[in-house]
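Engineer: here is my input; please provide its structure:
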Amino acid sequence: MNLVLVVGVVLALQITGAAEQRGANLQVDVSAVVQALWAPRSAEVVGPTVGDQVVNGRRISGDGIGTLTYSVMERCDATAARLVEHFRASGWRQRRSQILMPRLRTSFLSGCERVPHGIVSSARPPKGKEEQIALAWHGEWEDDEGNTVTYDVSSDGSRATVRATFLPVEVALARGLRPRRPSPR
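Structural biologist: Model (predicted):
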């Protein structure tokens, strides 16, 4: 697992934990969370079988935060392109910066980037061994209500692993995050 994915998973867990600590129990539209956490038909869902609430491999907390992990036999760029097309067609808007770390950009402009694969260390690989390189991509979208979906793609060859998170606008606002709000019509 690369550093980008580790940071994303840790932050998603922090948000989930903080929301659960507040004791807020929102009315959760499970079908909306399941629909937002999209995976292609060819995906092999690698997800929880137990948890707060599990629907089709998607874990949904009491606050409506949803997570999904799957793998597909595609390269990073093909997986990212498929996600971009799906969310464009579904009416979600791309975010330029990350909701959890606003100073970091999403990968829509840069595409899949080379990152060290495995444990990150400042030490050089032993002589005769090459550093393993993987590709990573991070995309985020918002819907008209301000809900956010985040997709992290990592690939070290022809198989991509995708980790997705659905963050309800209510939880984002309660954590002091700044989703874009829809403009009044």
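Engineer: quick one, grab the pLDDT at the closest residue in space to residue 98 that isn't next to it in sequence.
Structural biologist: Spatial nearest neighbour of residue 98, excluding adjacent residues (CB to CB, 6 or more residues apart in numbering): residue 104 at 4.7 Å. Where you see a C-beta, it was placed from the backbone N, CA and C, and this is true even at glycine. Per-residue pLDDT puts residue 104 at 94.
Engineer: hang on, residue 104 packs against residue 96?
Structural biologist: No: the pair residue 104 / residue 96 is not scored as a contact, 10.3 Å apart, by CB atoms under 8 Å.
Engineer: where do the strands sit along this protein?
Structural biologist: Under the criterion DSSP state E, the chain contains strands at 44-45, 54-55, 58-60, 66-72, 93-94, 113-116, 133-142, 148-155, 160-167.
Engineer: check which helices and strands the second one sits against.
Structural biologist: Taking 3 or more CB pairs under 8 Å, 6 or more residues apart in numbering; DSSP states H and E as contact, the helices and strands that strand 54-55 lies on are helix 30-36.
Engineer: give me the buried positions along the helix it packs on.
Structural biologist: 32-34, 36 (16 or more other CB atoms under 10 Å).
Engineer: so what secondary structure elements neighbour it?
Structural biologist: strand 54-55, strand 58-60, strand 66-72.
Engineer: 6 Å - rerun?
Structural biologist: strand 58-60 (3 or more CB pairs under 6 Å, 6 or more residues apart in numbering; DSSP states H and E).
Engineer: what does the average pLDDT come to for the strand it packs on?
Structural biologist: 92.
Engineer: beta partners of the nearest residue to residue 133 once chain neighbours are set aside?
Structural biologist: Ranked by CB to CB, 6+ apart and with sequence neighbours excluded, the top spatial neighbour of residue 133 is residue 114, at 5.1 Å. For residue 114, the beta-bridge partners are residue 135 (DSSP bridges).
Engineer: ok, residue 114 to residue 149 distance?
Structural biologist: Taking CB to CB, to the nearest Å as the measure, residue 114 falls 25 Å from residue 149.
Engineer: with neighbour numbers in mind, choose between these two.
Structural biologist: Per other CB atoms under 10 Å, whichever of residue 114 and residue 149 has more neighbours is residue 149, with 24 against 10.
Engineer: thinking the more buried one is in contact with residue 166, fair?
Structural biologist: Yes: in this structure, residue 149 is within contact of residue 166 by CB atoms under 6 Å, at 5.4 Å.
Engineer: which neighbours do those two share?
Structural biologist: Between them, residue 149 and residue 166 share these contacting residues under CB atoms under 6 Å, 6 or more residues apart in numbering: residue 36.
Engineer: re the thing from before, now distance to residue 100 too, for the strands of the chain, in CSV please.
Structural biologist: Listed next are the strands of the chain as CSV, based on distance: least, CB to CB, whole Å:
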stretch, distance to residue 100
strand 44-45, 24
strand 54-55, 24
strand 58-60, 18
strand 66-72, 14
strand 93-94, 16
strand 113-116, 18
strand 133-142, 9
strand 148-155, 8
strand 160-167, 9
